[in-house]
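Undergrad: Starting from these lines, generate the structure:
(chains A and B)
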Amino acid sequence: MNQTNHSKRPPQLFKNLSAKIASIPMILTTMVVFVGGTTWTVVHSFTNSKLLPKLNFVGLDQYERLWSSRRWLISIENLAVFGFFSLILMMVIGFFLATLLDRKVRGENIFRTIFLYPFALSFIVTGLAWQWILNPDLGLQQVMHDLGWTSFEFNPLNSGDTVIYGLLIAAMWQGTGLIMVIMLAGLRGIDDDIWKAARVDGIGTVKTYIKIIIPMMRPVFVTALVIVASGIIKLYDLVVALTNGGPGLSSEVPAKYVINYMFRAQNLGQGFAASTMMLVTVAIILIPWAYLEFGGKDNG
Amino acid sequence: MADALTGPSGPPPKRIFSRTNIMLYGTLLVVSIYYLLPLYVMVVTSLKGMPEIRLGNIFAPPLEVTFEPWVKAWSEACTGINCDGLSRGFWNSVKILVPSCALSIAVASVNGYALARWKFKGSELFFSILIVGAFIPYQTMLYPLVIILRELGLMGKLGGLVLVHTVFGMPILTLLFRNYFAGIPEDLFKAARVDGAGFWGIYFRIMLPMSLPIFVVALILQVTGIWNDFLFGVIYTKPATYPMTVQLNNIVNSVQGIKEYNVNMAATLLTGGVPLILYFISGKLFVRGIAAGAVKG
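TA: Take a look at the predicted model:
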């Protein structure tokens, strides 16, 4: 470094050098993988790359193909149905369980441990366990038949119309515990005086929850919503383990479409276009949220 | 006993057998059954022989307990032409897990420390990109990473997967450490500076010893996340280096051969066992870890 300016400190670049060296992994990750990688994929989604990525631009061809592909349309529809029910059920069940545990329940720790343990398991394990329970010949349905309830029909995985509900059952089992923990933390953050005041005013328990507590927990609900929503878009492992997209194409999802075209069908362009659509979906969800959460104040 | 004197956040139950109480505990018990049932079914299935499974019902406890499915799942179950069981996947996962945890936590803790205490021009910008990056679907970065790993000669090797886990673990871990280090009193930091300690001196002598709990939280988070990973394993490794989750899925969902449900369930339990044991022994810390980890979405 040159020392022409003696009154000032060493040049900017070398100031705080250790911290900069320590941040090199972060800088590489953000610039090369996150920004660079995402840009690279978006740019290549406008090319006709097949087996290898090539910069041979074909405009929106890949997107036209994507949106006329039956498989993609099924994937999107499945994601929408799964997402809709999963958001509602996660929130309702998560909040409901949290309110139950918030009522000075004895053995709270035991119940919490039971509700949360599936979250420690992977989607693969979850999917395989439920595949077995929902097995039509030997599983839950057969047990009901053996008990004499022969008209009992519960075989969601074997029909294209119901397979998405099979996915939901498994996904709820795995994930509701987490939402419950988040909601419970939110409930515990509410001042006891609120409850006392509500009781003095003669407001019933259920009404207090709906009219007073839920509005107060808005930030908690928003956090939970963002967690659930970003989990939904990533839905992949569970489908692979539980149904592998079947029967037929009826439980395909976008993340699986991407992997399939990128790494199996060797049609990179399609994979890039589909993953870019996933990115757009996330942006549509995330930007309004970020705007609401960090709008006025400093981001950080 | 039901205690009406301390102020609970919900209205206190009055009598043990009041109607509300019966409803409350009744509901909790029914819900508990739904959550416990799959684990119970997995355990009992894995302890039965195949003839018993074909005849009996899946909820019935085994008439004759056998550990053979477990042995078979561990050392004989087939994926394709390989019939050396899940043990290979288990050891692959261990070989992925240990360096991935060490590297990702080391990198992220130093990084979080720099962001909390040694801000430089642009550091906040990089941090913002890092956090936004946590929400980008992995699918848009999968292929570029294939190219990067291939250039580095790490494609298909365990080292490549370690790198991928370090990269994708960085946002949440950095956030975790940054917030924790920012909460350590600034006076301590200033006093150390006055005494002449530098970046690394303060990190190793002051920050590290004071932040054991957050390292444990980070470790729980990473062990669970990396052990349960399927997507990166299936893309960045090859059959010989497949982690346990990938091998498990291949064993259970393989189309050829007769389905051996007891072996499948033993294999599933073996794979799920590691994070499950961690969950049961770490308790509250696990809750903290996943609550932090969930933010990565």
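Undergrad: chain center to stretch A:54-68, what's the gap?
TA: 28 Å (C-alpha atoms, centre = their mean, to the nearest Å).
Undergrad: Also stretch A:184-194?
TA: For stretch A:184-194, the distance to the chain centre is 26 Å (C-alpha atoms, centre = their mean).
Undergrad: Helix, strand or coil: sort out A:Leu89 for me.
TA: Secondary structure for A:Leu89, judged by DSSP: H, G, I helix; E, B strand; the rest coil, is helix.
Undergrad: ok, the residue nearest to it when sequence neighbours are not counted - contacts?
TA: Nearest non-adjacent residue to A:Leu89, counting by C-beta to C-beta, 6 or more residues apart in numbering or on different chains: A:Met172, 5.6 Å away. Where you see a C-beta, it was placed from the backbone N, CA and C, and this is true even at glycine. Residues near A:Met172 by C-beta atoms under 8 Å, 6 or more residues apart in numbering or on different chains: A:86, A:89-90, A:93.
Undergrad: For the nearest residue to A:Ala229 once chain neighbours are set aside, give me the pLDDT.
TA: With C-beta to C-beta, 6+ apart as the criterion, A:Ala229 has its nearest non-adjacent residue at 5.4 Å, and that residue is A:Ile285. A:Ile285 carries a pLDDT value of 80.
Undergrad: Ok, A:Asn2 next?
TA: 47.
Undergrad: The lowest-mean-pLDDT helix or strand in chain A near chain B at all?
TA: None of the helices or strands of chain A scores lower by mean pLDDT, DSSP states H and E than helix A:140-146, at a mean of 81. Yes - contact of helix A:140-146 with chain B (C-beta under 8 Å from any C-beta of the partner chain) involves A:140, A:142-143, A:146.
Undergrad: Of those, which is the nearest to B:Lys95?
TA: Closest to B:Lys95 out of these is A:Leu140 (38.1 Å), distances taken as C-beta to C-beta.
Undergrad: on that earlier part again, could you identify which of the contacts of A:Met172 has the most neighbours?
TA: A:Met90 (25 neighbours; other C-beta atoms under 10 Å in any protein chain shown).
Undergrad: now it: how far from B:Ala108?
TA: 28 Å (C-beta to C-beta, to the nearest Å).
Undergrad: Kindly report the same for A:Ile194.
TA: In this view, A:Ile194 and B:Ala108 are 38 Å apart by C-beta to C-beta.
Undergrad: The host helix or strand of B:Ile251 near chain A anywhere?
TA: Assigned by DSSP states H and E, B:Ile251 belongs to helix B:244-252. Yes - interface with chain A: helix B:244-252 contributes B:245, B:248-249, B:252 (C-beta under 8 Å from any C-beta).
Undergrad: Farthest-apart pair in the residues you listed, please.
TA: Counting by C-beta to C-beta, the most remote pair of the residues of helix B:244-252 next to chain A is B:Thr245 and B:Val252, 10.9 Å apart.
Undergrad: before we move on, which element is residue 84 in?
TA: Just going to use chain A. Element membership for A:Phe84, per DSSP H and E: helix A:70-101.
Undergrad: So which other helices or strands are in contact with that helix?
TA: If you count contacts as 3 or more C-beta pairs under 8 Å, 6 or more residues apart in numbering or on different chains; DSSP states H and E, helix A:70-101 packs onto helix A:108-120, helix A:163-188, helix A:218-234, helix A:254-259, helix B:19-46.
Undergrad: got the buried residues for the last one?
TA: Looking back up the chat, that one is helix B:19-46. Within helix B:19-46, the residues that count as buried by 16 or more other C-beta atoms under 10 Å in any protein chain shown are B:21, B:24-25, B:28, B:31, B:35, B:37-39, B:41-42, B:44-46.
Undergrad: where are the low-confidence patches of the stretch 1-150 of chain A?
TA: When residues are selected by pLDDT under 70, those of the stretch 1-150 of chain A lie in A:1-12.
Undergrad: Over to chain B?
TA: Where chain B drops to pLDDT under 70, the residues are B:1-16, B:80, B:290-297.
Undergrad: Counting residues, name the longest helix you see in it.
TA: Ranked by residue count under DSSP state H, the longest helix found in chain B is helix B:87-117.
Undergrad: Go through that helix and flag the buried ones.
TA: B:87-90, B:92-93, B:95-97, B:99-101, B:103-105, B:107-117.
Undergrad: same question, stretch A:246-255
TA: Buried, per 16+ other C-beta under 10 Å, within stretch A:246-255: A:249-255.
Undergrad: what about that stretch and chain B, any contact?
TA: Yes - using C-beta under 8 Å from any C-beta, stretch A:246-255 reaches chain B at A:Ala255.
Undergrad: average pLDDT across that stretch?
TA: Averaged over stretch A:246-255, pLDDT sits at 90.
Undergrad: Which residues does that stretch contact?
TA: With C-beta under 8 Å, 6+ apart as the contact definition, stretch A:246-255 has outside contacts at A:70-72, A:74-76, A:78-79, A:82, A:157-161, A:163-164, A:167, A:233-236, A:239, A:242-243, A:245, A:274, A:277-278, A:281, B:137, B:139.
Undergrad: Put the buried members of those residues into a ChimeraX selection.
TA: Those of the contacts of stretch A:246-255 that count as buried under 16+ other C-beta under 10 Å are selected in ChimeraX with:
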select /A:71,72,74,75,76,78,79,82,157,163,164,167,233,234,235,236,239,242,243,245,274,277,278,281 /B:137,139
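Undergrad: show me what contacts residue 220?
TA: Picking chain A for this. Listed by C-beta under 8 Å, 6+ apart, the contact set of A:Val220 reads A:182-183, A:185-186, A:189.
Undergrad: that's the wrong chain, I wanted chain B
TA: Contacts of B:Ile220 by C-beta under 8 Å, 6+ apart are B:278, B:282, B:285-286, B:289.
Undergrad: From these, pick out the ones that also neighbour chain A.
TA: Applying C-beta under 8 Å from any C-beta, the subset of those adjacent to chain A comprises B:278, B:286.
Undergrad: okay, the contacts of B:Ile220 in CSV with neighbour count next?
TA: Shown next, in CSV, are the contacts of B:Ile220 (neighbours: other C-beta atoms under 10 Å in any protein chain shown):
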residue, neighbour count
B:Leu278, 18
B:Ser282, 19
B:Leu285, 17
B:Phe286, 25
B:Gly289, 26
